[in-house]
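*Asks:* Need a 3D model of the sequence below.
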Amino acid sequence: MDENIKSNYYAIIPATVRYDKDLTDKAKLLYGEITCLCNKEGYCFATNNYFANLYNCTPRAIQFTISKLQEKGYIKIIIENNYQRKIYLTDALGYEKIFTPPHENNFTGGYEKNFTNNNIKYNIDDLFILIINNSNKISKEFYSNLKKLEFIYPKKIIDTMEQSNLLKLKEIIYTLFLIYNSSFKNIMYRFERENLVKLYSICKDHNTDDFFSYYKKSIINKYIDTS
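*Replies:* The predicted structure follows:
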C-alpha cells in the first residue's frame with residue numbers, strides 16, 4: 001500500500017514547527033511530509049518503513065521522530081483495528097483542509113447546510129497574521145467582533161505571549177472565523193469572551209479527534225440554547 005501514497009501536494013510547515021528548537025531538521029521535514037499525506041483523507045496512514053525508505057534511515061529512527069512530534073503536540077496518533085495507524089495534525093497548521101469540518105447535522109436548533117462550500121481559504125497562521133495586521137482582506141465586521149470580544153492584541157503583546165496562550169488565541173479566532181462564514185453568523189453579536197474561553201478549555205479536555213468542529217458546535221449550541 002505504501003507505494004501508492006506519495007502525494008503531489010505541497011508540504012506546509014507552520015511557524016510553530018519551523019522555529020521549535022526542540023525539533024531536528026529531519027523532524028520538521030517529516031512533519032511537512034505528513035501534512036502532504038494528510039491532505040486527501042484528513043490523516044496520514046504511511047508506515048515507518050515508508051518514511052524510512054523515503055528519507056534513507058531506519059524505521060526505528062522514524063518512530064523516534066514521530067514520537068517526538070506527538071510528544072510536542074503537533075500530531076495525534078490513532079490505532080484502529082489493533083494495527084492500522086492514522087496520524088492527524090493537531091497544531092496551528094499551515095494546512096487548511098484538516099480544519100474544514102464535515103457537514104454537521106446535529107446542531108440544536110437547525111441544520112447547517114453546505115458548510116464545506118463556504119470557500120474559506122485561510123489557514124490558522126495566515127488568518128492570524130491578516131488579523132493582527134488589520135488587513136483589508138478580513139471583513140471589517142468580523143474584525144470588529146473580535147475587537148469587541150477583546151481578542152485583538154497589539155503586536156508587542158503577541159510577541160511576549162507564551163506559545164500555549166498564543167495557540168489558544170489562534171484557535172479561538174479560527175473557530176470564530178468558521179462560525180462567521182456559516183449560517184450561524186447572526187448569533188455572533190451575543191458572544192461573550194468569558195464563555196468562549198471557558199468552552200475552549202472544556203472542549204480541549206474532551207480530547208476529540210476534530211477539535212474545531214466540536215468547539216464550533218459547542219459555541220453554537222450554547223448560544224442557540226440560551227436564545
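*Asks:* going forward, measure contacts and count neighbours with C-alpha atoms only.
*Replies:* Fine.
*Asks:* Let me know the distance separating Asp20 from Ile13.
*Replies:* 11 Å (Cα to Cα, to the nearest Å).
*Asks:* scratch that, Lys204
*Replies:* 23 Å.
*Asks:* Tell me which of the two has more neighbours.
*Replies:* A direct count of neighbours by other Cα atoms under 10 Å for Lys204 and Ile13 places Ile13 higher, at 21 against 14.
*Asks:* pLDDT value on the closest residue to that one other than its chain neighbours, please?
*Replies:* In this structure, Ile13 finds its nearest non-sequential neighbour in Gly32, 5.4 Å apart by Cα to Cα, 6 or more residues apart in numbering. You'll see Gly32 listed with a pLDDT of 90.
*Asks:* Show me what counts as buried in the helix or strand hosting Gly32.
*Replies:* For Gly32, the host element (DSSP states H and E) is helix 25-41. Residues 27-39 are the ones in helix 25-41 that count as buried (16 or more other Cα atoms under 10 Å).
*Asks:* Reformat the residues you listed as TSV; add distance to Thr160.
*Replies:* What follows is the buried residues of helix 25-41, written out as TSV (distance: Cα to Cα, whole Å):
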residue	distance to Thr160
Ala27	26
Lys28	24
Leu29	27
Leu30	29
Tyr31	26
Gly32	27
Glu33	30
Ile34	30
Thr35	28
Cys36	31
Leu37	34
Cys38	32
Asn39	33
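*Asks:* how near is Asp210 to Ile224?
*Replies:* 21 Å.
*Asks:* repeat for Arg60
*Replies:* Arg60 is 50 Å from Ile224, by Cα to Cα.
*Asks:* And Ala15, by the same measure?
*Replies:* In terms of Cα to Cα, Ala15 sits 36 Å off from Ile224.
*Asks:* ok, those two, which is more surrounded?
*Replies:* Ile224 (15 against 12).
*Asks:* which strands and helices sit next to the helix or strand hosting Tyr174?
*Replies:* Using DSSP H and E, Tyr174 falls within helix 163-180. The helices and strands touching helix 163-180, judged by 3 or more Cα pairs under 8 Å, 6 or more residues apart in numbering; DSSP states H and E, are helix 124-132, helix 140-148, helix 193-206, helix 211-225.
*Asks:* ok, and what's touching the helix or strand following the second one?
*Replies:* Spelled out, that is helix 140-148. The helix or strand immediately downstream of helix 140-148 is helix 155-158, counting by DSSP H and E. Residues outside helix 155-158 that contact it (Cα atoms under 8 Å, 6 or more residues apart in numbering): Ile132, Leu166.
*Asks:* what mean pLDDT would you report for helix 155-158?
*Replies:* Here the average pLDDT along helix 155-158 is 87.
*Asks:* CA atoms only: put that helix into PDB for me.
*Replies:* Extracted in PDB, the C-alpha atoms of helix 155-158 (Å, rounded to 0.1, in the frame of the first residue of the first chain):
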ATOM      1  CA  LYS A 155       2.000  43.000  18.200                       C
ATOM      2  CA  LYS A 156       4.200  43.900  21.200                       C
ATOM      3  CA  ILE A 157       2.000  41.800  23.500                       C
ATOM      4  CA  ILE A 158       1.700  39.000  21.000                       C
END
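*Asks:* so how far is that helix off the chain centroid?
*Replies:* 22 Å (Cα atoms, centre = their mean, to the nearest Å).
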